[in-house]
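In: Would you be able to build a 3D model of this:
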Amino acid sequence: MPDRHIGNCALVPLPVEEVQVSDLSNLDDIQGDPVSMCPKSVENFVFFRIDKVDIFKGHLKSFKPTTYVDVLQILYGEIAKAKEEALATGTEVKRVKIKQVQIAFSRAGLNILGETEETKDSRFNERTMLDAKLLSMTGAHGTPSSIIRRACFTVSSPSPLVGTAEVKKEFEGSITVVDIIRGTTRRGKYKGREHFGYQDGISQPALRGLIEPQKGQVEVNPGVILMGHRGDSVFDNAEVTGIRRPKWTKNGTIMVFRKLEQDVVGFEDYLAENGSKWRSFIPPGYKGPDLTDKDGAELFGARLVGRWKSGTPLANAPYRDDEKLDKENWNNFNHKVKGYATPTNVHCPFTAHTRKTAPRNLDLYIAREFTESSMIVRAGIPYGRDVKDAERKRYREEKAAGIEFPHQEPRGLCFVCYQSCLDNGFVRQSIVFGGNNYFPVTSLVPVKHGQDPIIGAPPLKDTVHATAKGSDLAEGQVTMRVADDGKEFDVTGFAKVRDVSAQDVKEPFFVTSRGGECFFVPSVSTLRRLATKEQ
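Out: Presented below is the predicted three-dimensional model:
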């Protein structure tokens, strides 16, 4: 069984000798971060252009990325030993000096290396991050932008500048570094939290046969993350569709990188503005003392995220945080409420971020296999410094003066996720779930819940206003024919009489996309193949 000293990790990999997936016996062939997440406190994302292919391939022949087995040795070796010593002596855990590196290629990068064969992931081949819908997160800091790169190193080490310099030197004369984005975990009481203050990376899937599931943790087949294994939709349906991935994609995965800027002070102020209104959103049945405005703000934030800042799921603590809940039970919850036979938002809103992106208890309307296939491994890390009081003061003064974009240092999240199929993973979570007003499905009749308040964004075109004189339109299922600019559209849906006295309140968003790219993370054997492949 896994060592008890790594039992509080988001993903707890089984030791090599306990791996139960026969066709994943060659764990040295898998780069380490996608399955078990390399432990890191600082990580550099080094985006580069390949200038001289032949020289680059020569360097690639001797390049040694951190493998899955390397990560296991780190977890069960140095880190477990450091925690054991700290427990025995009653001291703090000494930081283990670890260097890890990974390499990944965009579609353009693979093409330059001579690998033009399709991965059979159409989104990857079509350059997904050029899709406006996926870059539509327009928060308080303006419009989104895009990063288009050929390849990426991810480097984590005690001194990431030194580690990055070593990697650059290893490929000297063959690449040009275009950009370096530095991610740094927060320290002290904010350890493990992103800049809004919430524990991050909790709702991870456990890969069957590779990861020891914690209580309540969603289990998925390894192919949901790694190509060429059960759970990979292309692999599973090959006999029916006749479509098969190339052999070189096996043990590989697709990495999505996004630089997500967070308007931290704006978010804090939004919670504070709503804290005093706690009576309007606290779940029914509360019998405790009145909440303070601060307590109300914390509850309001928890209802946006689906968890309290401590990591406690809202479903287990719908009124106040339960900070005594141990980490091993952070995923041990469901959204069922006694007395309700169908999905309910009594304790946790349907729009809560964690409920939108990692849905549970929808078996009446959505097959569990569908939600399992939507899971991704998230391995992001914050970037930028913590907010200081002087920065908060200036921000609020500028906002009061009517400045559209008050000053705030750039900070946010280097979002990283892994999946074998973009449409099943990142795209589904971003558009079909997070950006879909009608998700989750909670009844046979579509119900508009709203956007994910964290990663959602205003639809490009939400409502079309039309006037139908003498119409016999009534509530219920309808089809309307709308003429616009010489074209006719049939719009089918459900009509409901709208209360015209109600004021529509624009939902604010506090995350702005500053770009991203999709990369293929090859197996070690495929890296060797790329290094020797003829142009």
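In: for the spatially most central residue of the chain, what are its contacts?
Out: Closest residue to the average C-alpha location of the chain: Arg378 at 5.0 Å, with Cα atoms, centre = their mean. With contact set as Cβ atoms under 8 Å, 6 or more residues apart in numbering, Arg378 has these partners: Asp200, Gly201, Gln204, Phe415, Val416, Cys417. C-beta here means a position set from N, CA and C on the backbone, and glycine is covered the same way.
In: Could you check how far the fifth one is from Gly183?
Out: Spelled out, it's Val416. 9 Å (Cβ to Cβ, to the nearest Å).
In: same thing with Lys388?
Out: Lys388 is 20 Å from Gly183, by Cβ to Cβ.
In: higher neighbour count, those two?
Out: Gly183 (23 against 10; other Cβ atoms under 10 Å).
In: Quickly find the element holding that one.
Out: strand 175-184 (DSSP states H and E).
In: Same check on Phe519?
Out: strand 511-521.
In: gap between stretch 303-323 and the chain center?
Out: The chain centroid and the centroid of stretch 303-323 are separated by 19 Å under Cα atoms, centre = their mean, to the nearest Å.
In: what does that stretch rub up against?
Out: 193, 196-199, 202, 281-283, 286, 288, 295, 298-299, 301-302, 325, 327, 329-335, 346-349, 352-355, 453-454.
In: tell me which residues in that stretch are buried?
Out: Buried residues in stretch 303-323, counted by 16 or more other Cβ atoms under 10 Å: 303-321.
In: Can I get it in PDB, CA atoms only?
Out: Extracted in PDB, the C-alpha atoms of stretch 303-323 (Å, rounded to 0.1, in the frame of the first residue of the first chain):
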ATOM      1  CA  ARG A 303     -21.100  29.000  -3.000                       C
ATOM      2  CA  LEU A 304     -19.300  30.400  -6.100                       C
ATOM      3  CA  VAL A 305     -16.500  27.800  -5.900                       C
ATOM      4  CA  GLY A 306     -18.300  24.800  -4.300                       C
ATOM      5  CA  ARG A 307     -15.700  24.500  -1.600                       C
ATOM      6  CA  TRP A 308     -14.600  26.600   1.300                       C
ATOM      7  CA  LYS A 309     -11.100  28.100   1.200                       C
ATOM      8  CA  SER A 310      -9.900  25.300   3.500                       C
ATOM      9  CA  GLY A 311     -10.800  22.700   0.800                       C
ATOM     10  CA  THR A 312     -13.900  21.400   2.700                       C
ATOM     11  CA  PRO A 313     -16.700  20.700   0.200                       C
ATOM     12  CA  LEU A 314     -19.800  22.900   0.500                       C
ATOM     13  CA  ALA A 315     -21.900  19.700   0.300                       C
ATOM     14  CA  ASN A 316     -20.500  18.600   3.700                       C
ATOM     15  CA  ALA A 317     -20.600  22.000   5.300                       C
ATOM     16  CA  PRO A 318     -23.400  24.100   3.700                       C
ATOM     17  CA  TYR A 319     -23.500  26.800   6.400                       C
ATOM     18  CA  ARG A 320     -20.000  27.200   7.900                       C
ATOM     19  CA  ASP A 321     -16.600  25.900   7.100                       C
ATOM     20  CA  ASP A 322     -15.500  22.700   8.900                       C
ATOM     21  CA  GLU A 323     -11.700  23.200   8.900                       C
END
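In: which element is Gly58 on?
Out: Using DSSP H and E, the element containing Gly58 is helix 53-62.
In: Now do the same for that helix: mean pLDDT, whole number.
Out: For helix 53-62, mean pLDDT rounds to 96.
In: any idea how far the nearest residue to Gly201 once chain neighbours are set aside is from Gly306?
Out: Spatial nearest neighbour of Gly201, excluding adjacent residues (Cβ to Cβ, 6 or more residues apart in numbering): Ala10 at 4.8 Å. The gap separating Ala10 from Gly306 is 16 Å, by Cβ to Cβ.
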